[in-house]
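Undergrad: Here is the input, now give the coordinates:
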Amino acid sequence: MRKSYVLSTLLFCLLCASGYAQKNKRSVVKDWSELRSQLISNVSYDLTFYIPSAPEEKVTGMAVVTFTLPTKADIALDFQGRFTGTFIVNDKKRKIQQDGKHIIIPLKYTRPGANRVAVSFESKDNALKRHGDYLYTCFSQGQVSTCFPCFDQTDIRATFTTHQNLPEGWKAMASNSRSPISPHLYSFIAGRFEEQTIQREGHSMRMFYRKQDIAEENQLPKIIQDAAQALRWIEDYTNLPYPFDECGLLLLPAPQFSDINYSGAICLTDSRIPFKEKETTSDKQLRSQLIAHETAHLWFGNMTSARTRNDIWAKEVLANYMTTKMNHQHRGKSDQELEFLTGCQARAMALDGSKQAYAIAQTPSSGNHPALFNDIMIRDKGTVMMRFLEEIVGEKNIQTALQKYLRKFYYKPSSWDDFISILHEQVPNENIPQFSDAWVKQKGMPVIHTTYQDGNLIISQKDPNGRGTFWRQKFEMRLIYDFERSRTITIDMNQPTVSVKLNSQPNSIIPNYNGRGYGRFTLDETYTKSLPLRIVVTRNDLNRYSLLLTAFDNYLMGRIPPSYFGELYRNMTKEKNPLIMQAAIDHMAKIAIDRPSSERKTLELCMMDLLGENRRTDCRQIVIRKLTDIATAPEVINFLRQIGQAHNDPALDEADYAAIQRLLSRKQ
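TA: Next up is the predicted model:
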């Protein structure tokens, strides 16, 4: 049986090769791709790049490509650059054949078994990003061949070895992989960088950065430590080791660096990492979240890649899930929940909280969408969805399914449905495909309305698009009675309408009390108006934060008036939790920006007055930073000018003073 299979496979390959050789020499990309997928295996690239010091000069190099064929065949290397003289096939110099997009190797030059091709080349600039004294690659599928000759398709994976001839004083890093990877996942970076090489958590980590772009260089060890911890955690969780020859950590300027796709390193932009002498709790949390998320992309995004552009949901949601799991390892339960809600407030704050955010949220989760949509749906809907999925199937089942998913699609294209299929096989009785269809493939978010009627609390979930889509979920509600008596109930929305029998009518109802629900939570008008009044008397940080987000959602929907600003002010005068203070000041700023100029001035002055009411250093820091962002009132601008001139505020650092100076320059 085995012998028959081998013979039939060889015969098929021979037919493909001979049949293709009879075709017109004008190649068709689709045909080359199909033929190569059938014939080529064991590919490796040995690449040498000569990088000039002058930005206007071209990058040149030599590509040595080895691969295995079952029989002689016409083969084409994809290449969109310029051939510069050397073309050797199986140790013999040959005359090159090009058609503009390919270097064609005729059947007569190839042989069964191992083949070796060496080509000297000049790269095009399409995928090479040059910025003065540094350069990096930015490859997408089909763009690798602008840089060097290769088989530029995702299903022909290869190992890579890189050599670089650099200008004096330059350093380089390349994603040389021990395992075969698709060509578009290969990358390199070179330039005049500062470097730190440190042993952390069992890895040797090379960090590239530019000293002139770093405000506080002494924070670099914190970044390296966060990255090393994230790397070790995800190795343990997935039971799959880091696959590259070295571990890189790149911290470079934005916006130029924001579009890099680099498989062999954790990529960060200095604009997203807060380099401040005096960090807030939010700053520290943001740094660890960003590093954890970008580390997770080495597994979800590189180790498994999207099959198409529309499959971005899988890599982003799973990377975000890993981020949440990583950061929870180092926090208490209360902080874990607050962190979860911090990541989920993107829905309310996107586009400064404008109603356009809700319009965009009506788009299906699996499409090819703009960055704002991804921010809303992936950070909010995806995070909440994974929390519910974990509750349904169990944390261990998700971990096992993710490990199977990574191994099955190791350096292969994959999709969200591939993961769901594996999870469904593991827990077949939970109907996971139906859950996924509602949460991932259907557009929109539900409106979840609560009303009291004839002794019953009625919670109804409605699809605003009228399709009858149902989002299965659980969340808590808080019922408050006379003399502040209260009770918390868990709502299991396993059907569109749920009814809970009550002994008496509550005075106040707080929906989504633990922040775990997904949707727009609304109440009858009387109950809605009481929401802001409950913020200042809600003692638990998690519940107060969740209530803050729910009330702000209702403000954005026009169900709570702008006078809500007053309740935010009352809370801010006493607030001690920095995360809640940050959210509240963001909401206050949004309300102020929404109002006519005369009212906005008054509200900005109220925000400034907070500094006399809440004298906590973190409160002062948060308020001054927000006023620096939004101030238009002359009195507030003059106040900030005085702070800048004195230059001795204990709550501020040099980055804050620089921001104040930028504001003053704009207002002059």
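Undergrad: and L640, helix, strand or coil?
TA: helix (DSSP: H, G, I helix; E, B strand; the rest coil).
Undergrad: okay, now it: neighbour count?
TA: For L640, the neighbour count with other C-beta atoms under 10 Å is 21. Any C-beta I mention is one placed from the backbone N, CA and C, and that applies to glycine too.
Undergrad: How about T400?
TA: 17.
Undergrad: if I pick E430, what's in contact with it?
TA: Contact analysis of E430 by C-beta atoms under 8 Å, 6 or more residues apart in numbering lists I392, V393, H424.
Undergrad: got JSON lines for those, with distance to S187 too?
TA: Below are the contacts of E430 laid out as JSON lines (distance: C-beta to C-beta, whole Å):
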{"residue": "I392", "distance to S187": "38"}
{"residue": "V393", "distance to S187": "36"}
{"residue": "H424", "distance to S187": "35"}
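Undergrad: In TSV, list those along with secondary structure.
TA: Putting the contacts of E430 into TSV (three-state DSSP) gives the following:
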residue	secondary structure
I392	helix
V393	helix
H424	helix
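Undergrad: and the residues you listed as CSV, adding neighbour count and distance to K92?
TA: Rendered in CSV, the data for those read as follows (neighbours: other C-beta atoms under 10 Å; distance: C-beta to C-beta, whole Å):
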residue, neighbour count, distance to K92
I392, 17, 62
V393, 20, 59
H424, 20, 54
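Undergrad: ok, so of these, who is nearest E201?
TA: The closest of these to E201 turns out to be V393 (C-beta to C-beta; 30.0 Å).
Undergrad: my guess is the closest one contacts N431, does it?
TA: No - using C-beta atoms under 8 Å as the test, V393 is too far from N431 to be in contact (10.8 Å).
Undergrad: In three-state terms, label N503 for me.
TA: Under the three-state scheme (three-state DSSP), N503 adopts coil.
Undergrad: Would you mark the buried spots in stretch 94-106?
TA: Applying a neighbour-count criterion of 16 or more other C-beta atoms under 10 Å, one finds H102, I103, I104, I105, P106 buried in stretch 94-106.
Undergrad: residues in contact with the strand or helix carrying Q582?
TA: Counting by DSSP states H and E, the element that carries Q582 is helix 578-594. Here helix 578-594 makes contact (C-beta under 8 Å, 6+ apart) with 280-282, 285, 338, 342, 345, 349, 352-353, 541, 544-545, 548-549, 552, 555, 562, 564-565, 568-569, 571-572, 575, 599-600, 603-604, 607, 618-619, 622-623, 626, 629-630.
Undergrad: and D609, what pLDDT?
TA: D609 is assigned 96 on the pLDDT scale.
Undergrad: That one belongs to a strand, doesn't it?
TA: No - using three-state DSSP, the assignment for D609 is helix, not a strand.
Undergrad: ok, now how distant is it from R620?
TA: Per C-beta to C-beta, to the nearest Å, D609 is found 12 Å from R620.
Undergrad: try E57
TA: E57 sits at a distance of 52 Å from R620 (criterion: C-beta to C-beta).
Undergrad: again with S436
TA: Relative to R620, S436 is positioned 46 Å away (C-beta to C-beta).
Undergrad: circling back to that earlier point, which one's more surrounded, D609 and R620?
TA: A direct count of neighbours by other C-beta under 10 Å for D609 and R620 places R620 higher, at 17 against 12.
Undergrad: In the one helix or strand that one maps to, which of the residues would be classed as buried?
TA: Per DSSP H and E, R620 falls inside helix 617-630. Residues of helix 617-630 classed as buried: D618, C619, R620, Q621, I622, V623, I624, R625, K626, L627, T628, I630 (neighbour count, 16+ other C-beta under 10 Å).
Undergrad: Show the contacting residues for the first one.
TA: Just to be clear, that refers to D618. The contact partners of D618, taken as C-beta under 8 Å, 6+ apart, are T280, T281, P578, M581, A651.
Undergrad: contacting residues around Y518?
TA: D380, K381, V384, M385, F388, M445, P446, W471, Q473.
Undergrad: In terms of helix, strand or coil, where does F419 fall?
TA: What three-state DSSP gives for F419 is helix.
Undergrad: so how far is E57 from the closest residue to it other than its chain neighbours?
TA: Spatial nearest neighbour of F419, excluding adjacent residues (C-beta to C-beta, 6 or more residues apart in numbering): Y405 at 4.9 Å. Y405 sits 44 Å away from E57, going by C-beta to C-beta.
Undergrad: Could you tell me what pLDDT the model assigned to R116?
TA: 97.
Undergrad: That one - how many residues pack around it?
TA: Per other C-beta under 10 Å, the neighbour tally for R116 reads 14.
Undergrad: Quick check: it is in a strand.
TA: Yes - under three-state DSSP, R116 sits within a strand.
Undergrad: Do I have it right that it meets D91?
TA: Yes - here R116 reaches D91: they are 7.1 Å apart, a contact under C-beta under 8 Å.
Undergrad: I figured R478 hits S486, correct?
TA: Yes - with contact defined as C-beta under 8 Å, R478 counts as touching S486 (6.1 Å).
Undergrad: between the two, who's got more neighbours?
TA: Higher neighbour count among R478 and S486: R478, with 22 against 13, using other C-beta under 10 Å.
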